[in-house]
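Engineer: how would this look folded up:
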Amino acid sequence: MRRLLFLNGIRAFEAAARSGSFAGAGAELNVSAAAVSRMVHLLEQRLGVALFERRSNRLAMTSAGRAYQSGLTPIFDALASLTAQVTAPSSVRVLTIGVGPTFAMRWLIPRLADFQREQPDIDVRITTGGAAAPFGDDWNCGIKLGDGAWPDLVAEPLFAADLLPVCAPRLAAQLKRPGDLRGPSLLRVAHAADDWPLWLKASGVARVSARGPEFQYYGQAQQAAADGLGVAMGIRPYVDDDLAAGRLVAPFALSVPKGMRWYLVYRDFRTEQRDFAAFRRWIIRAAAGKVRFRGENTREM
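Structural biologist: Sure, this is the predicted structure:
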């Protein structure tokens, strides 16, 4: 039998971890912040591990809490998506896409309006995916970064994942050569510790290491760079729109392959489904830069 401990506590913890506060979780779950705190505390007692470090002005997750939340959020997203599909009228056409939060925010969502113009009858559902998330049984497809070798999945390449430093325009004016990176903070992404060493080695810069603030996602580091906190290691296609809009600048011409690619992944039987087939045709065109997107109203990409 499945060992499901205290589902109310698990739900309270996941909401608090995602929102960053007991108050935010309480508003989402329609209970008080104190009730959320009690449920999380009881869950910690039952698990025998601390999930939060309770500080005076904010919550900070422990390593166990981060690991637990990273697995729970995709499960709750998949459950919500599955429930929506089961309860949807038979006339509703639902397409569920598993994708990491940064890819969704930085590339897919700005372009979805174009797909919806082409396919207004398809109800698109975006659920949490990413490289570390298992492929959901309710997904029509997913978008993953990797080597293309996922058992039982078809993987079609979409983009190269090239790395290049990016920062705010004002900071970029101070960076004339890679050696100048000894000065500013080099922003890091927790799950991509090899990115900076890979680029710095290719640039020939010695005795420079990334020791700036660390973020959970590329999108967070990219936003911090745009706000002038330091230099982030950008990854394509996340940074392309910000570079085109001038919110970010790439101070050096050198870009380095990460050694992975972005793939559209799906189970083979999905090719027979018309809604997935329509999305597959569209995203291949979008990856080639042939669709309109938010912020580009006057020209084709």
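Engineer: mind checking which helix or strand Leu42 is in?
Structural biologist: Counting by DSSP states H and E, the element that carries Leu42 is helix 33-47.
Engineer: In its sheet, which strands sit next to the helix or strand following that helix, and in what direction?
Structural biologist: For helix 33-47, the succeeding helix or strand toward the C-terminus, using DSSP H and E, is strand 52-54. Strand 52-54 sits in its sheet next to strand 59-61 (antiparallel), going by DSSP bridges.
Engineer: Centre of the chain to the partner strand, how far?
Structural biologist: 20 Å (CA atoms, centre = their mean, to the nearest Å).
Engineer: which strands and helices sit next to the helix or strand following it?
Structural biologist: Later in the chain than strand 59-61, the nearest helix or strand by DSSP H and E is helix 63-87. Contacts defined by 3 or more CB pairs under 8 Å, 6 or more residues apart in numbering; DSSP states H and E place helix 63-87 against helix 7-19, strand 93-99, strand 122-128. C-beta here means a position set from N, CA and C on the backbone, and glycine is covered the same way.
Engineer: who touches the helix holding Leu42?
Structural biologist: 5-6, 8-10, 12-13, 15-16, 21-23, 25-26, 29, 50-52 (CB atoms under 8 Å, 6 or more residues apart in numbering).
Engineer: hmm, which helix or strand of the chain has the shakiest average pLDDT?
Structural biologist: Lowest on mean pLDDT, DSSP states H and E among the helices and strands of the chain sits helix 63-87, with a mean of 79.
Engineer: sorry, back to before: just put the helices and strands packed on helix 63-87 in TSV and tack on distance to Glu44, mean pLDDT and mean neighbour count.
Structural biologist: Shown next, in TSV, are those (distance: least, CB to CB, whole Å; pLDDT from 0 to 100; neighbours: other CB atoms under 10 Å):
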stretch	distance to Glu44	mean pLDDT	mean neighbour count
helix 7-19	8	90	20
strand 93-99	30	88	21
strand 122-128	24	87	19
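Engineer: okay, those in TSV with distance to Ala206 next?
Structural biologist: As requested, those are exported to TSV (distance: least, CB to CB, whole Å):
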stretch	distance to Ala206
helix 7-19	40
strand 93-99	38
strand 122-128	40
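Engineer: Relative to Asp268, which of the ones you listed is closest?
Structural biologist: strand 93-99 (16.5 Å; CB to CB).
Engineer: What's the local residue count around the residue nearest to Pro257 when sequence neighbours are not counted?
Structural biologist: Of all residues not flanking Pro257 in the chain, Asp162 sits nearest, at 5.8 Å (CB to CB, 6 or more residues apart in numbering). Asp162: 16 surrounding residues under other CB atoms under 10 Å.
Engineer: cool, Glu44 as well?
Structural biologist: Glu44, neighbours per other CB under 10 Å, totals 18.
Engineer: Distance-wise, check it relative to Arg111.
Structural biologist: 41 Å (CB to CB, to the nearest Å).
Engineer: Then Gly259?
Structural biologist: 26 Å.
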